[in-house]
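Participant: Show me the folded form of this:
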Amino acid sequence: MAETQNTLSLAELLADYDSAEHDHAAAERNSGMQHIHNHANGDIVWFPTWQKNRETTDWESAVNEFTAELEAAAGQGADLSDAAGELLAARLQTLLAEAAEAPDANVFIRENLARYLSETWSLGDAYALKTGKELPGAGSPAGIFASYPYQVYERDGGSFASALWNDLVDARKNRIAAEEAERKALKPISKKARKAAERKAAARKR
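Facilitator: Residues are numbered from 1 along each chain as shown. This next block holds a predicted model:
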């Protein structure tokens, strides 16, 4: 991939908005940035649009890394589309698994949401560049996203971010609920409950 003139990292871009105290809605206009406001705890998480992402040094680095991975897979005889799709699915599965085990869902989202969005868009771009296709966007999403559970480019990436946010929160909630159900299932039966069960069993035999 050719070198670009990108000089700003994703972290620097996000820091500029995290530290600024201003009208968040106004800050979005023509900035290439969007945000999600968690009104329950006041958290605000910024992320770039998929267009703005292409202006960061992270985009360039990620495209180069994903291109190398796709080339390695192709060298082993894999179909590029299949390799990209499998990489996409594996990364999402890993993210959701990490979110499920996170001590605090809000902290996890704040630290990982923008990075994951950026890398996912970069993977789509790497596949497009490697196969000689047009860079994907709202009107021409990459084929590797055909079975992906999110609308990656709708609302400049806002739909993707909102849906993923909810799934990351749910991943932790579902893990906690499953553990609670398991604890209840393993909870020792009280002597009173055991005797009641024995009486019912004896009554059924009469």
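Participant: And the strands in this protein?
Facilitator: Under the criterion DSSP state E, the chain carries strands at the ranges 33-38, 43-48.
Participant: which one of those is the most hemmed in?
Facilitator: strand 43-48 (a mean of 21; mean count of other CB atoms under 10 Å). Where C-beta positions appear, they are placed from N, C-alpha and C, glycine not excepted.
Participant: Quickly run through the sheet partners of that strand, with directions.
Facilitator: Here strand 43-48 is paired, per DSSP bridges, with strand 33-38 (antiparallel).
Participant: hey, least reliable of the strands of the chain by pLDDT?
Facilitator: Least confident of the strands of the chain, judged by mean pLDDT, is strand 33-38 with a mean of 87.
Participant: Touching that strand from outside, list them.
Facilitator: For strand 33-38, the surrounding residues in contact (CB atoms under 8 Å, 6 or more residues apart in numbering) are 13, 17, 24, 27-28, 43-49, 52, 106, 113, 156-158, 161-162, 165.
Participant: Filter those residues down to the buried ones.
Facilitator: Buried members of the contacts of strand 33-38, scored by 16 or more other CB atoms under 10 Å, are 13, 17, 27-28, 45-49, 52, 106, 113, 156-158, 161-162, 165.
Participant: what ranges of the protein fall below the confidence cut-off?
Facilitator: Applying pLDDT under 70 to the chain flags residues 1-4, 19-30, 40, 186-194, 196-198, 200-206.
Participant: angle of the lengthiest helix in the chain against strand 43-48?
Facilitator: The longest helix of the chain (DSSP state H) is helix 158-186. On the basis of axes from the mean of the first three to the mean of the last three CA atoms, to 10 degrees, helix 158-186 is oriented at 130 degrees to strand 43-48.
Participant: I'd like to know which elements helix 158-186 is packed against.
Facilitator: Packing partners of helix 158-186 (3 or more CB pairs under 8 Å, 6 or more residues apart in numbering; DSSP states H and E): strand 33-38, helix 80-101, helix 105-131.
Participant: Nearest to Ala62 among those would be which one?
Facilitator: Among the helices and strands packed on helix 158-186, the nearest to Ala62 by CB to CB is helix 105-131 (3.6 Å).
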